[in-house]
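1. I would like to see how this sequence folds:
(one chain, ligands or ions: 2)
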Amino acid sequence: MQTQLLQADAPGAIQTAAAILQNGGLVGIPTETVYGLAANALDGAAVAKIFAAKGRPMDNPLIVHISHFEQIYDLVREVPEAAKKLAEQFWPGPLTIILPKSARIPDEVSAGLDTVAVRFPSHPVARAVIDAAGVPLAAPSGNLSGHPSPTTAAHVMNDMDGRIEAVLDGGPCSVGVESTVVTLAEQPPRLLRPGGITLEQLRGVLGQVEMDDAVLHPLADGKRAASPGMKYKHYSPKANVIILDGSLEHYIDYVNTHAGDGVAALCYDGEDKALQVPSICYGGEEDCGEQARELFDALRELDERLHAKTVYARCPEPEGVGLAVYNRLIRAAGFEVIDVG
Ligand code: TXA
Ligand code: MG
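-> Ligands and ions are numbered 1, 2, ... in the order given. I've put the predicted structure just below:
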C-alpha cells in the first residue's frame, strides 16, 4: 500500500482524508496531544485494521474522538453531571473520559470492556476531519505498538509508511504527550493516565479523584490493569533507558564516570555542556510543558541519531504536567531508577 502524505492546509486534503475514512481506511491525523491513527469508530472492520497496522494487542481498547459535545450521547449509556462539568472546563482539549458504553460501540473499539473512552480534541485539523467524515473516529496514537508516540507527521510516516492509506500533516503537536485519561465509570473518579490536564485541575472540578497505582508503579503480578494500555512496556526506544534520581551534580558525576561506547544522556537544556557523552536535551528543568512537548522526539533521536545503547536520563518532577512526563519516561525506562543522591 502506498501511504499518501497530505498537507492539512492544501485544498481538498481534509476531504480526501474524510473519504478514505468513510470507505473503511486508515488515516494518521494530528491532534494537540500526539498524532492518532484514525478509523470510523462505528465500523468494526475498519477499527480492526488499526490493530493490524500498529501490531497492537487486541485487548487494548481505543479512544473515540468527537467534534461536538452532543455526539457523546450516542456513544455512552448516560452522561453524568461530572462528565458535563469536565467537558465544560476542559473540552475541546487533552482529556479523555471513560463511561459505560452504548450499543453503538463495536467490540473492536472497547476490546471487550463494557466502557468506552471519549475525547473531544481541540486541534482544528482533527475537528475538521471528524466533521468531514461525519462519524466519530477511533484513534490510538499513530506509532507502532511499543514505540514512542508520534508528535510529527514524519514520526507517523517512519512507523506507518506502507501500512495505512494516508497521513495528514498538521505540524508538530502542542502538548506532546497523550491525553489525560479519567474514568467516571466508578466512584470516586480515578486518573488512569496523566496528561496535559493535571490531577490538580481534575480535583478542582470533581473534588475527590484517585490516582491509579499504574500511574507511578509497575503492575503487580497477576493484577488486572484498569487501563489495559498501562500494562505494556511503552514508549520505548531500542536503547536501555535508566533514570538517575538525584541532584544535577551527582547526575553529571555518575554519567561521566560511566561514559563509554553507546552511552548517552537525556538531560535538560544546557546540562549537556558538562557531560562527556553524546546527549539530547528535552526542555528546561523548570518547564515541564516543554519537556512534555520534546520527550517523544528525544526518545526517537536517541535511537536514530545517536544509536545509543544505554541512556542515563534526568528524573522529571512528578507534579502538574510533570507527572505525565515522569509516567512516560519511567515506562520507557522499564521502571529502572537509580538513586544517585
Ligand atoms: O491523546 C491521546 O489520547 C491520543 C490521541 C490520538 O487522541 N490517543 C491515545 O490513544 O493515546 P492510545 O490508544 O495510545 O491510548 C489510549 C489509552 C490506553 O492506555 C487504553 O488502554 C486506554 O486509553 N483506554 C481506552 N479505552 C479504555 C477503557 N474503556 N477503559 C480503560 N482504559 C481505556
Ligand atoms: Mg499509544
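2. Give me the phi and psi for Leu168.
-> phi -100, psi 120 (degrees, to the nearest 10).
3. Return the alpha-carbon coordinates of stretch 187-195 using PDB.
-> Extracted in PDB, the C-alpha atoms of stretch 187-195 (Å, rounded to 0.1, in the frame of the first residue of the first chain):
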ATOM      1  CA  GLN A 187     -16.800   6.200  42.200                       C
ATOM      2  CA  PRO A 188     -14.700   8.100  43.100                       C
ATOM      3  CA  PRO A 189     -13.400   9.000  39.700                       C
ATOM      4  CA  ARG A 190      -9.900   7.700  39.000                       C
ATOM      5  CA  LEU A 191      -6.900   9.000  37.000                       C
ATOM      6  CA  LEU A 192      -5.700   6.200  34.700                       C
ATOM      7  CA  ARG A 193      -3.200   8.100  32.700                       C
ATOM      8  CA  PRO A 194      -1.700  11.600  33.400                       C
ATOM      9  CA  GLY A 195      -1.500  14.100  30.600                       C
END
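4. I'd like to know the average pLDDT value across that stretch.
-> Throughout stretch 187-195, pLDDT has a mean value of 97.
5. got the contact list for it?
-> Applying Cβ atoms under 8 Å, 6 or more residues apart in numbering, the contact partners of stretch 187-195 are 33, 82, 94-96, 98, 175, 177-183, 199, 202, 206, 208-212, 214-215, 226-227, 229-230, 321, 323-324, 327. Just so you know, the C-beta spots here come from the backbone N, C-alpha and C atoms, and that holds for glycine as well.
6. Would you list the buried entries among these?
-> 33, 82, 94-96, 98, 175, 177-183, 199, 202, 206, 209-210, 212, 214-215, 226-227, 229-230, 321, 323-324, 327 (16 or more other Cβ atoms under 10 Å).
7. Identify those among those residues that sit within strands.
-> 95-96, 98, 180-183, 210 (DSSP state E).
8. so which of those residues are also by ligand 1?
-> Here is what survives when these are matched to ligand 1 using Cβ under 6 Å from any ligand atom: 96, 98, 181.
9. near ligand 1, anything from stretch 312-329?
-> No. Figure legend: stretch 312-329 not in contact with ligand 1 (Cβ under 6 Å from any ligand atom); closest approach 10.4 Å.
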